[in-house]
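Chemist: Have a look at this prediction, sequence included:
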Amino acid sequence: MRVPVGYAYSKVEVGVHFQHTLTVTETHLVMAAGLFGDFNPLHIDEEFAAKTQYGTRILHGPFTAALMTASVGLFFAGSAIGYLEHNCRFTAPVKPGDTLTTSWTVTRKVDKPKHRGGIVELQAVCRNQQGVAVAEAEGRVLVGEGDERTVG
């Protein structure tokens, strides 16, 4: 298995951008309902959802937020100590078949010598295949230097 190489705190600079793209499938929608225990008909009943303003089922907001954080986990693979905070605002529905691209920007770094690293503050926008922003987020990650053999 290939383990991704993430970035150590000292290698990350304010202004750095990174992104991740994923197509939302029927499986994502079903898994989200089971994981969260949220069986609202807007998410699981196509007949019901077809009569709503969305015209079809939509993905759970918290699952959209979780999908957005995947690129953070990959960017800091091997160096992240903990994901401290995630604030997300949903601006448009996400439907099965949508391809989401989440773009993150490092906005600030706060040194934490005790942890041999610091806090990396981030902002993101998640857009669908038509370029519509479906969510905006801010996050804070405690990042260390990681294993020097594997971290860029």
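Modeler: The structure has been received and is ready for your questions. Residues are numbered from 1 along each chain as shown.

Chemist: Grab the longest strand from this protein for me.
Modeler: Looking only at the chain and at elements set by DSSP state E, the strand with the highest residue count is strand 99-112.

Chemist: Partner strands of the helix or strand that that strand is followed by, with direction?
Modeler: The element immediately downstream of strand 99-112 (helix or strand, assigned by DSSP states H and E) is strand 117-127. Each strand that strand 117-127 pairs with, and the sense of that pairing, follows from DSSP bridges: strand 99-112 (antiparallel), strand 133-144 (antiparallel).

Chemist: Just give me the residue right at the centre of this protein.
Modeler: The residue lying closest to the centre of the chain (CA atoms, centre = their mean) is residue 68, at 1.6 Å.

Chemist: which residues does that residue contact?
Modeler: Taking CB atoms under 8 Å, 6 or more residues apart in numbering as the criterion, residue 68 is in contact with 88, 100, 102, 124, 126, 135, 137. Where C-beta positions appear, they are placed from N, C-alpha and C, glycine not excepted.

Chemist: buried residues in the host helix or strand of residue 68?
Modeler: Assigned by DSSP H and E, residue 68 belongs to helix 61-75. Along helix 61-75, these residues count as buried under the neighbour rule (16 or more other CB atoms under 10 Å): 61, 63, 64, 65, 66, 67, 68, 69, 71, 72, 75.
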